[in-house]
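S.K.: Curious how this folds, go ahead:
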Amino acid sequence: MAKWARWELRKEYIKSEIINYSKLAYGSSIPKRVFISYTKNNGQEYYNLLKEKLEKEGFTVTDGFQSSTKSAGIVIRSILDQMKSATVYVGIYTKENKIHVKDKEFWTPSVWTIEEKGMALGLNLPVMLIMEEGIHEDFFSKTTGAFEHCITKNAYHFEHNLLEKSYALILAKYLDKKSKYREEEDFDLFEF
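M.R.: Numbering: from 1, shown residues only. The predicted model follows:
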């Protein structure tokens, strides 16, 4: 058998093992669980609106402020534990720090929301960003992978104009992940 054919067989076997591991982790279907990254200073109102909407629609909402029993007090481990059990990541980018670029004034989101977005991408979670106007585009335009985003003026604008759209995008990301999971369920374990 040619080397490339053996490699293809191995890839299929590895893929099936990943699917089996996912089934062990999730059970027969993936949970409706969303991780929301935000800052308490400026993002709490957005978080409350989105959390209420998601929970009303049957989602469980988690965030980096909830502690994990396995984390032993280590903040980053606690966040990672919460994120590992999520199926969709939502980052709320609020104006935290003012910066100047070529005589223009912009804002940066919290360092933690940027770090958590990186963790979500590393975990292969679908990503959705909600950003306040004025956040410098480098904080979202250079993100690798496909993601959705919406830009809002403030929490009032978000509630009255973008809350439903945001929910629809999150639901679409969840359903897309769920359908991919179901397709993988039908995959037979490859035997050597």
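
S.K.: Show me the shaky parts of this protein.
M.R.: The model of the chain has pLDDT under 70 over residues 1-5, 13, 15-29, 67-72, 142-147, 180-192.

S.K.: could you measure the residue positioned nearest the centre of the chain against Asp103, distance?
M.R.: The centroid of the chain falls nearest to Tyr89 when counting by C-alpha atoms, centre = their mean (1.6 Å). In this view, Tyr89 and Asp103 are 34 Å apart by C-beta to C-beta, to the nearest Å. Glycine gets a C-beta too; all of them are placed from N, C-alpha and C.

S.K.: Go through stretch 149-156 and flag the buried ones.
M.R.: His149, Ile151, Thr152, Ala155 (16 or more other C-beta atoms under 10 Å).

S.K.: Please enumerate the helices of the chain.
M.R.: Assigned by DSSP state H, the chain shows helices spanning 3-26, 44-56, 75-84, 111-122, 155-157, 163-185.

S.K.: what helices or strands is the second one leaning on?
M.R.: In other words, helix 44-56. Counting by 3 or more C-beta pairs under 8 Å, 6 or more residues apart in numbering; DSSP states H and E, the packing neighbours recorded for helix 44-56 are strand 33-37, strand 60-63, strand 88-93, helix 155-157, helix 163-185.

S.K.: Let me have the ones you listed in CSV, adding distance to Leu125 as columns.
M.R.: Shown next, in CSV, are the helices and strands packed on helix 44-56 (distance: least, C-beta to C-beta, whole Å):
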stretch, distance to Leu125
strand 33-37, 7
strand 60-63, 12
strand 88-93, 4
helix 155-157, 25
helix 163-185, 8
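
S.K.: ranking these by burial, who's on top?
M.R.: Per residue and on average, the most neighbours among those fall to strand 88-93, with a mean of 27 (mean count of other C-beta atoms under 10 Å).
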